[in-house]
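J.: give me a 3D structure for the following:
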Amino acid sequence: MSKFDSIVRVGVDLAQSVVQVHAVDAVGNVVVAKQLQRSVLLHWCERLSAGCMVAFEACSAAHHLARELGARGLVPRLIAPCFVAPYRMTGATGKNDATDAEAICEAACRPRMRFVAVKTPKQQGWLAIHRLRDGYIKDRTAWMNRARGVLFEFGITLPISSARFREELLRAVSSRDSGVPAIARPALR
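T.: Purely as a prediction, here's the structure:
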């Protein structure tokens with residue numbers, strides 16, 4: 001019997017290139033607590049028994065990883081970070097990847113823990129569209145506010161409406177008598 005056979009729950013702290021795993025047996029004894037390269041995490045998890053719970057905080061790439069683990073017969077659990085924080089043992093060691101993995105593992109065994117549902121690729125696609133659109137709108141608003149600020153320094157005020165803003169902006173940078181210096185016009189166009 002390998003040590004992987006005794007593991008019933010794993011807490012994983014995900015990071016860009018490395019992950020920290022904290023695995024316990026049915027009694028709660030630590031079986032494995034180590035750092036792995038992210039690229040070998042799935043291979044490491046394949047050695048776990050079917051039905052083993054693997055928990056991690058819901059973050060970017062967590063849903064993809066959860067789908068992969070589910071396809072391998074494991075039970076993925078995503079936890080909102082705000083529900084993991086109370087289980088973090090800070091003490092002398094402070095907050096680090098190892099204490100985060102331990103906290104995730106501990107939080108996952110709580111009977112009233114609320115888990116995040118694993119999203120399908122289609123659901124994630126829709127969320128990506130909304131996230132990107134929201135970013136584009138914020139970028140546009142920020143640019144319009146910067147241009148308003150610059151033109152206000154020359155006594156020109158622009159309307160809030162984006163359609164009217166464009167018309168007035170083009171009029172201000174095209175007109176030679178608008179008061180906008182020639183050097184600033186290309187940047188505003």
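
J.: in the top helix by length along the chain, what's buried?
T.: Longest helix in the chain, counting residues (DSSP state H): helix 121-152. Within helix 121-152, the residues that count as buried by 16 or more other CB atoms under 10 Å are 124, 144, 147-148, 151. For every residue, glycine as well, the C-beta is placed using N, CA and C.

J.: now, among those residues, which is nearest to Leu188?
T.: Here the nearest of the buried residues of helix 121-152 to Leu188, counting by CB to CB, is Ala147; it sits at 6.0 Å.

J.: if we can go back for a sec, now for the longest helix of the chain, which elements pack on it?
T.: Contacts defined by 3 or more CB pairs under 8 Å, 6 or more residues apart in numbering; DSSP states H and E place helix 121-152 against helix 62-71, helix 162-174, helix 185-188.

J.: any idea which of those helices is most buried?
T.: helix 62-71 (a mean of 18; mean count of other CB atoms under 10 Å).

J.: does Val32 count as helix, strand or coil?
T.: strand (DSSP: H, G, I helix; E, B strand; the rest coil).

J.: could you check how far it is from Asp5?
T.: 12 Å (CB to CB, to the nearest Å).

J.: wait, which of the helices and strands packed on helix 121-152 is closest to Leu132?
T.: helix 62-71 (17.0 Å).

J.: the closest one versus helix 121-152: what angle between them?
T.: Here helix 62-71 runs at an angle of 170 degrees relative to helix 121-152 (axes from the mean of the first three to the mean of the last three CA atoms, to 10 degrees).

J.: just checking, next helix/strand downstream of helix 62-71?
T.: Once the chain leaves helix 62-71, the next helix or strand it forms, by DSSP states H and E, is strand 75-79.

J.: pLDDT of the helix or strand just after that next one, averaged?
T.: Following strand 75-79 in sequence order, the next helix or strand is helix 81-84 (DSSP H and E). For helix 81-84, mean pLDDT rounds to 92.

J.: before we move on, the earlier item: for the helices and strands packed on helix 121-152, give me TSV that also has mean pLDDT and distance to Val18.
T.: Converted to TSV, those look like this (pLDDT from 0 to 100; distance: least, CB to CB, whole Å):
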stretch	mean pLDDT	distance to Val18
helix 62-71	95	14
helix 162-174	87	44
helix 185-188	85	43
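
J.: quick one: least confident helix or strand in the chain?
T.: Within the chain, confidence by mean pLDDT, DSSP states H and E is lowest for helix 185-188 among all helices and strands, at a mean of 85.

J.: lovely, talk soon.
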